[in-house]
Every structure is written in structure tokens, then in C-alpha cells.
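Novice: just coords:
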């Protein structure tokens, strides 16, 4: 059949085949490659952005580790101030001695039921203190600087008929919860 065609017909068929192959190559090879290249370029851009975010986060790690270490040190310092429940009598003796030095007297001490709060336990104490206003302030300063973790949960100071002051305080000595009662 090919031999029966004229030279001109053969050239037209070869040109048509070349054009068909070119069009097919363009449609089935070139276009998918161009689309794939665009998609890969977008993926590369997203990957670069993710890498930049990861590098920024990685750069923060030393600062965050240092902050965590500072928090651990602060926690250790705070826990060092926590009294053991067995230390409560010693704390009360020290409070009475501090009251005498401040010129106040502790008239009454009432131990209240301990209150659990997660890893810690509060041991509330109701105290009645008599003395001068300056003595009341000095007594509160002792509580604050006692080396123990002590909170003043409630207080009321009133003038007495004799010109002094009566203070009613509820303070809590904080201990680790696992340290017993």
C-alpha cells in the first residue's frame, strides 16, 4: 500500500504522523511534566516555609530549656521552704519566741483540719495575738520570713480597751501532701 502512494501523499502522511506525534507528545508528555513541575515548585515552597518555622522553633529551644531550669530551681527553693508536719511544733515554738521578741503574746492557738490541695497540704492554725500594732506587724513579718511556706489566709486586728491591739489570724503552714499528717 505504501508503494502505491505518490511521493506527495507519502510526505503528507509522514508530516501528519510527525504532527500527531508532536501533538501527542505535547499533550501526554510535556503538559503533565509542566503541571508536575508547578506542583513540585509549590511543594518546595511549602517545605521551605515549614523548615523556616522548624528552625525558628529549634532556635528557641535553648532559651526555653533555660527557662524550665529556672522554674525548676524556683520550685526546689519553694519546696525547701515546705515544712514537714513533724516540724509544726517547732514552728509554733519559733512563732511564740518571735512574738515575745516583737512584744506580743500568742494568747490562743487552735490547730484546724489539714486541707489537701494536689501535691501540697495546708495546715491551718488559728492564732489570737495581743500586743502593740508595731508588734503585730513584726509578728506578721516573722511569719513571712520564717523560712517556711506560710500563707496568711485571714486576719483581723482590733483595738482593745487597754489601748493595745488584738489580732486574730488564720495562717497555713504548707507541706508536701505525701509527708503525712
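Specialist: Yep, that arrived. As the structure is a prediction and not an experimental result, all values here were calculated from the model.
Novice: count of neighbours near residue 169?
Specialist: Using other Cβ atoms under 10 Å, residue 169 is surrounded by 20 other residues. Quick note: C-beta positions are derived from backbone N, CA and C, even for glycine.
Novice: these two touch, right, it and residue 136?
Specialist: No: assessed by Cβ atoms under 8 Å, residue 169 is found out of contact with residue 136, at 9.0 Å.
Novice: so what sits against both of those two?
Specialist: Common neighbours of residue 169 and residue 136 (criterion: Cβ atoms under 8 Å, 6 or more residues apart in numbering): residue 129.
Novice: checking my notes, residue 106 in a strand, right?
Specialist: Yes: counting by DSSP: H, G, I helix; E, B strand; the rest coil, residue 106 is located in a strand.
Novice: which residues does it contact?
Specialist: Counting by Cβ under 8 Å, 6+ apart, residue 106 touches 95-96, 99, 127-129.
Novice: just the mean pLDDT for the helix ranked longest in the chain, thanks.
Specialist: Longest helix of the chain, by residue count under DSSP state H: helix 31-80. Averaged across helix 31-80, pLDDT comes to 89.
Novice: name the helices or strands packed onto that helix?
Specialist: Helices and strands touching helix 31-80, by 3 or more Cβ pairs under 8 Å, 6 or more residues apart in numbering; DSSP states H and E: there are none.
Novice: and it, how far out from the chain middle?
Specialist: Computed by Cα atoms, centre = their mean, to the nearest Å, the chain-centroid distance of helix 31-80 equals 19 Å.
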